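In: Here is the input, now give the coordinates:
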Amino acid sequence: MEFNLIKGGSRKRYLSKYKREYIDLSRKEGYSYDAIGSYIGITATAARNLESKGGDSGWNWKGNFE
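Out: Numbers count the residues shown, from 1 in each chain. The predicted model follows:
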């Protein structure tokens, strides 16, 4: 189910961890951000930004940095 959502370019927040993991593994295999993004329905820039965010960005639900 998650695979189809990711391939379809879904922006559901809970999928971010799976996308980050996929991007990390794909980069280790030598794929470009453009190729990765095309495969999972996001832009190369979005793939790069998603990877750089890593885990918790420090943003809380109130919209403030902790």
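
In: In terms of secondary structure, what does the longest helix anywhere in the chain contact?
Out: What stands out as the longest helix in the chain, according to DSSP state H, is helix 16-28. With contacts taken as 3 or more Cβ pairs under 8 Å, 6 or more residues apart in numbering; DSSP states H and E, helix 16-28 sits against helix 2-7, helix 33-40, helix 44-53. Bear in mind the C-beta positions are built from the backbone N, C-alpha and C, glycine included.

In: State the mean pLDDT of the shortest one.
Out: Translated: helix 2-7. What helix 2-7 shows for mean pLDDT is 86.

In: Okay, buried residues for that helix please.
Out: residue 6 (16 or more other Cβ atoms under 10 Å).

In: What of stretch 11-19?
Out: 15, 19.

In: C-alpha coordinates for that stretch, PDB please?
Out: Provided in PDB are the C-alpha atoms of stretch 11-19 (Å, rounded to 0.1, in the frame of the first residue of the first chain):
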ATOM      1  CA  ARG A  11       2.600  13.900   0.200                       C
ATOM      2  CA  LYS A  12       1.200  12.100   3.300                       C
ATOM      3  CA  ARG A  13       3.500  13.000   6.200                       C
ATOM      4  CA  TYR A  14       3.900   9.400   7.500                       C
ATOM      5  CA  LEU A  15       5.500   8.400   4.200                       C
ATOM      6  CA  SER A  16       8.400  10.800   4.600                       C
ATOM      7  CA  LYS A  17      10.500   8.300   6.600                       C
ATOM      8  CA  TYR A  18      10.100   5.700   3.900                       C
ATOM      9  CA  LYS A  19      11.000   8.200   1.200                       C
END
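
In: In space, what's closest to residue 26 - neighbours in sequence excluded?
Out: residue 36 (4.8 Å; Cβ to Cβ, 6 or more residues apart in numbering).

In: what does residue 33 give?
Out: residue 44 is the one closest to residue 33 (Cβ to Cβ, 6+ apart), at 4.0 Å.

In: Is that neighbour in contact with residue 26, as I believe?
Out: No: Residue 44 lies out of contact with residue 26 (Cβ atoms under 8 Å); the separation is 12.0 Å.

In: Could you work out the end-to-end span of stretch 28-41 for me?
Out: 20 Å (Cα to Cα, to the nearest Å).
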